[in-house]
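Visitor: Please find the sequence and the predicted model below.
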Amino acid sequence: MPEIEIQVPAIEVTDLTVAYNEKPVLWDIDLEVPRGKLMAIVGPNGAGKTTFMKTVLGLIKSAAGQVLIEGKPYTKARHLVGYVPQRGSVDWDFPTTVLDVVMMGSYGTLGWLKRPGRQEKDDAFTALEKVGMAKFANRQISQLSGGQQQRVFLARALVQDAEIYFMDEPFQGVDATTERTIIQLLKEMSDANKTVVVVHHDLQTVPEYFDWVMLLNVRKIASGPVSEVFTENNLRLTYGGKVAFLSHHEAGEMFEEKDQ
Amino acid sequence: MSAAQIEIQLIGSVVAVACALPGVFLVLRRMSLMSDAISHAILFGIVIAFFVTHDLTSPFLVIAAALTGVLTVSLVELLTRTGLVREDASIGLVFPVLFSIGVILISRYAGNVHLDTDAILLGELAFAPFQRFELFGVDIGPKSFWLMLGILLLNVTFIVLFFKELKLATFDAGLAAAIGFSPLLLHYILMSLVSITAVGAFDAVGSILVVAFMIAPPATAYLLTNRLSILIVLSAFVGILSAVSGYWVAHWLDASIAGSMASMSGVIFGLTFVFAPGRGLYAIAQRHRTQRWEFAGRMLTVHLYQHEGLAEESVENRIDHLGEHMQWESTFAARVIRYALKKEYLNENDGFLQLTESGRTLAQKAIVE
């Protein structure tokens, strides 16, 4: 029987509402992300970007709504999902090595009780090579700089070998070289038809780095291809009057580039 | 050594290792105070279970203590989650309540039972060998030794089986939850183990030693290694060392054994804190000293470099002008010069300082950075 190709969206969120103490932090979010997209989530501080990501990953309970990963509820699709939390969310003085942290990416596939072995070690090493950190493999993690920490987290995500990645501010406080390395890797992932969702802060780089975007401020303002929805008007709706940091000059330039 | 002496040291060592194992994770999770809270709060559970069973050796006491431990942790979390009380304050609010209810219940209804409040705080290790454990009529050692050995095995089993899960949940609870390991479940199991260990140890050694053995050996080992597995093994060794040395200090001073063991765990931590290679106070001070001279030496090369080949060179780059230009005291300046000469950053020629090739490279690099 010929297979009929039905495009199940990588991520499908319907009517997702999250509240802390009856105060909604995410209001009725609907979102569909097709496979292979490199998507930024942008929005002001407190817009619920991290909360959205954590809710999709089942780390925060939703008050209403549904999340489907490749058509399945998250608990049935864990193996398809890779997660890179904020760098600052872990204790970098923890007594362990770079290689060991990267190997943690394999724990999900291993499941309970099984120990990582030769194979997992090799995978971790390969991932470290990809992010240019192979020679740091046996370093204690407390000796890493911010950019190096982020590369290690990215290597760990590569080891997860997922289809859909969620990354919470991977560019936070990293040097320019690391930023280039990361974005190049993300583009490679997206070219390999992986879906990558990134909480992002720098509006300037959105058109250059991403092909899909969600503008979020408690409600979803817009989502879709960057060229269509990353408009000045939508940005104004997202950031309110506080869009000042994106000066008119720069914003103009940005959109001129898009028009070409 | 008499049999009783050996037995006391054995019991102390087993307690120390049993405590150090869950203690490692308490320290790494920044929950050290929880050991204090749990080891006190379990009194409440012990007393309640005692009223039900009227037997101080009933296994129900251990179960009740474990439940009280979990209750303590839950109450603290509940209070913290209201956002009205911070975590440290919540701990400080919850455990004295449970502990004091336990104390009141004992003093009111169980005054004539062996459950006195002094023993709870410091235990009486010296009496531990009197309570024997008999199997088929054969005396096989003190009861508390076998009890603690059982608890130790329980802790070892848990940590060995779930080493990977514990490590991930401790380092990155978010990822652990996302990939399907339940950090919450591990957390509560760990807290139950802390409680069971505390109740087992408490009859023999008292709650102060439980806290000391749970926190001091892991905190000591933390200064000595960068690997979690080594940290766990080292903690166990430091625990045994504290127990054995503590016993002999008590013997020598004719003082409380548990008190001496707790003190020794503190002394060993203190020595490590000062002398640990790389991370101790002494190593840090030495590193600062080296860095200070290195930095001063670099400043000097930069100063010489800036004036090199210029007209004012013959004035600026003289030893007697350093005080004026760099605002350095002459003794300090002399030491910096001596350091720089030793490192071959410069040559001295009749009070005139000239950079060597390596000194010039250093200065150039310093400026670019």
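Guide: Thanks, I have the structure now. Numbering: from 1, shown residues only, chains lettered A, B, ... in the order given.
Visitor: Check the residue nearest to A:Leu110 when sequence neighbours are not counted and give its pLDDT.
Guide: Nearest residue to A:Leu110, sequence neighbours excluded (CB to CB, 6 or more residues apart in numbering or on different chains): A:Pro116, at 6.3 Å. Placement of C-beta: from N, CA and C, glycine included. Looking at A:Pro116, its pLDDT stands at 89.
Visitor: same check, this time on the one 10 residues further on
Guide: Per-residue pLDDT puts A:Thr126 at 91.
Visitor: quick one: the helix or strand where it lies near chain B?
Guide: Under the criterion of DSSP states H and E, A:Thr126 resides in helix A:118-130. No. Between helix A:118-130 and chain B, judged by CB under 8 Å from any CB of the partner chain, nothing touches; the nearest distance is 10.4 Å.
Visitor: which residues sit against that helix?
Guide: With contacts defined as CB atoms under 8 Å, 6 or more residues apart in numbering or on different chains, helix A:118-130 is touched by A:98-99, A:102-103, A:105-106, A:110, A:134, A:136-137, A:152, A:155-156, A:158-159, A:161, A:185.
Visitor: Buried ones from those residues, can you make that a ChimeraX selection?
Guide: In ChimeraX syntax, the buried subset of the contacts of helix A:118-130 is picked out as below (16 or more other CB atoms under 10 Å in any protein chain shown):
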select /A:98,99,102,103,105,106,136,137,152,155,156,158,159,161,185
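Visitor: Let's see which of the contacts of helix A:118-130 end up in helices.
Guide: A:98-99, A:102-103, A:110, A:152, A:155-156, A:158-159, A:185 (DSSP state H).
Visitor: Check pLDDT for those and point me to the minimum.
Guide: Lowest pLDDT among the ones in helices among the contacts of helix A:118-130: A:Leu110, 87.
Visitor: ok, it - contacts?
Guide: A:116, A:120, B:164.
Visitor: go again using 10 Å as the cut-off
Guide: A:103, A:116-117, A:120, B:164, B:179 (CB atoms under 10 Å, 6 or more residues apart in numbering or on different chains).
Visitor: Ok, B:Glu165 next?
Guide: With CB under 10 Å, 6+ apart, B:Glu165 has these contacts: A:107, A:111-113, B:176, B:181-183, B:185-186.
Visitor: tell me the pLDDT at the residue of chain B at minimum distance from chain A?
Guide: Distances between chain B and chain A by CB to the nearest CB are smallest at B:Ile179, namely 3.4 Å. pLDDT, B:Ile179: 88.
Visitor: do you know how far it is from B:Leu168?
Guide: For B:Ile179, the distance to B:Leu168 equals 8 Å [CB to CB, to the nearest Å].
Visitor: any common contacting residues for those two?
Guide: A:104, A:107-108.
Visitor: So which of those is the closest to chain B?
Guide: Nearest to chain B among the shared contacts of B:Ile179 and B:Leu168, with distances taken as CB to the nearest CB, is A:Gly108, at 3.4 Å.
Visitor: excluding its backbone neighbours, what's nearest the closest one?
Guide: Closest to A:Gly108 by CB to CB, 6+ apart is B:Ile179, at 3.4 Å.
Visitor: And for A:Met133?
Guide: A:Arg151 is the one closest to A:Met133 (CB to CB, 6+ apart), at 5.0 Å.
Visitor: Pull the number of nearby residues for the closest residue to B:Cys19 other than its chain neighbours.
Guide: Of all residues not flanking B:Cys19 in the chain, B:Phe213 sits nearest, at 3.6 Å (CB to CB, 6+ apart). Counted with other CB atoms under 10 Å in any protein chain shown, the neighbours of B:Phe213 add up to 32.
Visitor: Figure out the helix or strand that B:Phe213 lives in.
Guide: Per DSSP H and E: B:Phe213 is located in helix B:183-222.
Visitor: try A:Tyr83
Guide: strand A:81-84.
Visitor: and B:Asp350, how many residues sit next to it?
Guide: Neighbours around B:Asp350, by other CB under 10 Å: 6.
Visitor: Is it in contact with B:Asp320, as I believe?
Guide: No. B:Asp350 lies out of contact with B:Asp320 (CB atoms under 10 Å); the separation is 11.4 Å.
Visitor: Now do the same for the most centrally placed residue in chain A: helix, strand or coil?
Guide: Closest residue to the average C-alpha location of chain A: A:Met167 at 2.5 Å, with CA atoms, centre = their mean. Applying DSSP: H, G, I helix; E, B strand; the rest coil to A:Met167 yields a three-state assignment of strand.
Visitor: other SSEs contacting the strand holding A:Tyr83?
Guide: helix A:49-56, helix A:107-110, helix A:146-160, strand A:164-168, strand A:195-199, helix B:173-178 (3 or more CB pairs under 10 Å, 6 or more residues apart in numbering or on different chains; DSSP states H and E).
Visitor: send the alpha carbons of the fourth one over as PDB?
Guide: Think strand A:164-168. Provided in PDB are the C-alpha atoms of strand A:164-168 (Å, rounded to 0.1, in the frame of the first residue of the first chain):
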ATOM      1  CA  ILE A 164      12.700  18.100  18.300                       C
ATOM      2  CA  TYR A 165      14.900  20.300  20.500                       C
ATOM      3  CA  PHE A 166      13.900  22.900  23.000                       C
ATOM      4  CA  MET A 167      16.700  25.300  24.100                       C
ATOM      5  CA  ASP A 168      16.200  28.000  26.700                       C
END
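Visitor: ok, is it in contact with chain B or not?
Guide: Yes. Using CB under 10 Å from any CB of the partner chain, strand A:164-168 reaches chain B at A:166, A:168.
Visitor: how many degrees apart are that strand and helix A:49-56 in direction?
Guide: On the basis of axes from the mean of the first three to the mean of the last three CA atoms, to 10 degrees, strand A:164-168 is oriented at 150 degrees to helix A:49-56.
Visitor: residues near A:Leu154, how many?
Guide: Other residues within reach of A:Leu154, judged by other CB under 10 Å, total 28.
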